[in-house]
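*Asks:* Pasting the sequence and the predicted model now:
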Amino acid sequence: MPTTVSSPRRPAWAGRNYTLLTASAVVTNLGSHGALIASAFAVLGAGGDGGDVGLVAAARTLPLVLFLLIGGAVADRLPRHHVMVAANVLNCVSQAAFATLVLAGEAQLWQMMLLSALGGVGQAFFGPAAEGMLLSSVEGEQAGRAFAVFRMAMQGATLGGTALGGLMIAAMGPGWVLAADAAAFAVAAALRAFLDVKHIPARAPGGGLLSDLRDGWREFSGRPWLWGIVIQFSLANAVVGAADAVYGPLVARDHLGGAAPWGLALAFFGAGTVLGALLMTRWKPRRLLFVGTLCVFPLALPSAALAVPVPVAVLCAVMCVTGVTVEVFGVSWMTALHQEIPEEKLSRVSAYDWFGSVALVPAAMALAGPAETAFGRTEALWGCAALVVVVTAAVLCVPDVRNLRRRTVPVTGAAPDAGGKGSVDAERPVGGLG
């Protein structure tokens, strides 16, 4: 059972692990979201163009895709906090090297791609371990509120990190933002080293890595709500990632005034996610995924706003609304995973979720520049917005997505059969996240 020791300063569900996980997520988010903007402007500052920005972004995402499934299996075999710390150390080293090259004015495209790729490897092992650790750190009917508070803290750090990153880039250059991100990873690794995994049952001897991957696949593929939404987000994340990482900085440079206004717009998105998480500490929608999926439609708005392009004030308002609605989905998704997936398989299922959700991102990042050349930036951005709407409407055709019901008792059994029947939910078939 998760540790639930409380103090007068925190609620009963905010145990030691939950508190450490929240604090470390705040630290890393403060650094990493400014660094995302910094890496794009570091490429542009070194003489690169939109295609080069896309290549560096793709270089980070490709190893993430290649190693995610292995990372999930490893995280369900080894102590999850050890995997998390090792990944943080790798991210710290790679970002420190990236910062050094940029500050020295000697960064070349292949070097930035290589260091970004190392960061992607670290994220591939960190992500499934972190999600499994977080989902196992809370229990019972307060799980949804716990996830909302966690995400509110995390998104608040995103808000501060994005705004601060944009201002630091304008004032000091991208190299110092990358250096701050490296320091944040070092602090987070130290915090995560103190996580307690004694409450997690010892893993039964398995048949090896491939056997673990097959077991995770059965858990994943037997749930239509799970793979349906992951397919949705594999397409939506690809085009939104290209719009944010490649077209956003270019539109900012050409029409909005540079890094600071774009950082401000991203900060408003972060503010929206904080408001959305705050909303979800009070609101508990009964039909988790139906409500959550309806809230994904506004994810098309930022691409449309950049296509126009709208003034900075309007873009900020659009980003804020989008952040609110996306966070409603995010909390609903985490709650669904928590209540439906057995603890010992959380990291493997999370890995398949992550894998599907980011599988197409490297190709989208790499093709963003050529697509701009072939069709024009405005047309490419309108295409991104249209695809988000189409795939979100399509996933609502999956019955389990529409019918998932909130429960308070987490699942302990295996996944339903391949036909999607035999749900552990006594009321309706289950639903999930992407």
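*Replies:* Good, I have the coordinates. Residues are numbered from 1 along each chain as shown.
*Asks:* just the helices in the stretch 151-300 of the chain please.
*Replies:* For the stretch 151-300 of the chain, the helices defined by DSSP state H, counting those that start in this stretch cover 174-192, 209-221, 224-242, 248-251, 259-280, 288-294.
*Asks:* nearest to S32, of the ones you listed?
*Replies:* Closest to S32 of the helices of the stretch 151-300 of the chain, according to Cβ to Cβ: helix 174-192, at 5.7 Å. The way it works is simple: take the backbone N, C-alpha and C, and place the C-beta from them, glycine included.
*Asks:* what packs against that closest one?
*Replies:* Using 3 or more Cβ pairs under 8 Å, 6 or more residues apart in numbering; DSSP states H and E, the elements in contact with helix 174-192 are helix 16-45, helix 80-104, helix 143-172.
*Asks:* Between these, which one is closest to I229.
*Replies:* helix 143-172 (16.6 Å).
*Asks:* for the closest one, packing partners?
*Replies:* helix 16-45, helix 174-192, helix 259-280, helix 312-340.
*Asks:* buried stuff in the first one?
*Replies:* Going back to what we said before, that points to helix 16-45. 16-22, 24-45 (16 or more other Cβ atoms under 10 Å).
*Asks:* The helices and strands packed on helix 174-192: which one's closest to G216?
*Replies:* helix 80-104 (14.8 Å).
*Asks:* same question for that closest one, mean pLDDT?
*Replies:* Taken as a whole, helix 80-104 has an average pLDDT of 92.
*Asks:* next helix or strand past that helix?
*Replies:* helix 109-135 (DSSP states H and E).
*Asks:* circling back to that earlier point, please produce CSV containing the helices and strands packed on helix 174-192, extended by distance to A394.
*Replies:* Below are the helices and strands packed on helix 174-192 laid out as CSV (distance: least, Cβ to Cβ, whole Å):
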stretch, distance to A394
helix 16-45, 29
helix 80-104, 34
helix 143-172, 26
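*Asks:* can you tell which of the ones you listed is closest to A351?
*Replies:* It's helix 80-104; of the helices and strands packed on helix 174-192, that one is closest to A351 (Cβ to Cβ) at 11.6 Å.
*Asks:* Tell me which other helices or strands that closest one touches.
*Replies:* Going by 3+ Cβ pairs under 8 Å, 6+ apart, helix 80-104 lies up against helix 16-45, helix 50-77, helix 109-135, helix 174-192.
*Asks:* Could you tell me the least trusted of these?
*Replies:* Here the lowest mean pLDDT among these goes to helix 50-77, at a mean of 83.
*Asks:* Count the neighbours of A153 for me.
*Replies:* Here the number of neighbours of A153 (other Cβ atoms under 10 Å) works out to 18.
*Asks:* Quick check: the gap between it and V26.
*Replies:* 5 Å (Cβ to Cβ, to the nearest Å).
*Asks:* residues in contact with the helix or strand E379 falls within?
*Replies:* Counting by DSSP H and E, the element that carries E379 is helix 377-395. Helix 377-395 is contacted from outside by 228-229, 231-232, 235-236, 239-240, 242-243, 247, 250-251, 293, 296-297, 299-301, 303-304, 306-307, 368, 371-372, 375, 401, using Cβ atoms under 8 Å, 6 or more residues apart in numbering.
*Asks:* run the last query once more with 6 Å
*Replies:* Residues outside helix 377-395 that contact it (Cβ atoms under 6 Å, 6 or more residues apart in numbering): 228-229, 232, 235-236, 239, 243, 247, 293, 296-297, 299-300, 303-304, 306-307, 371-372, 401.
*Asks:* just checking, next helix/strand downstream of that helix?
*Replies:* Following helix 377-395 in sequence, per DSSP H and E, is helix 399-403.
*Asks:* which other helices and strands contact that next one?
*Replies:* helix 224-242, helix 288-294 (3 or more Cβ pairs under 6 Å, 6 or more residues apart in numbering; DSSP states H and E).
*Asks:* distance between the longest one and the chain's centre?
*Replies:* Distance, stretch centre to chain centre, for helix 224-242: 12 Å (Cα atoms, centre = their mean, to the nearest Å).
*Asks:* Run a quick neighbour tally on the nearest residue to G156 once chain neighbours are set aside.
*Replies:* In space, and not counting its chain neighbours, G156 is closest to V274: 5.0 Å by Cβ to Cβ, 6 or more residues apart in numbering. The number of residues packed near V274 is 22, by other Cβ under 10 Å.
*Asks:* who touches V274 in this structure?
*Replies:* Counted by Cβ under 6 Å, 6+ apart, V274 has contacts M152, Q155, G156.
*Asks:* Which one (most neighbours) among these?
*Replies:* Q155 (28 neighbours).
*Asks:* is it true that it touches G272?
*Replies:* No. Between Q155 and G272 there is no contact under Cβ atoms under 6 Å: 8.4 Å.
*Asks:* Now do the contacts for the residue nearest to G166 when sequence neighbours are not counted.
*Replies:* Of all residues beyond its chain neighbours, the one nearest G166 is G263 (1.7 Å), with distances taken as Cβ to Cβ, 6+ apart. Neighbouring residues of G263 by Cβ under 6 Å, 6+ apart: I37, T162, A163, G165, G166.
*Asks:* Considering the residues you listed, which possesses the most neighbours?
*Replies:* Going by other Cβ under 10 Å, G165 tops these with 31 neighbours.
*Asks:* Could you pull up the residues touching it?
*Replies:* So G165 contacts G34, I37, V177, G263 (Cβ under 6 Å, 6+ apart).
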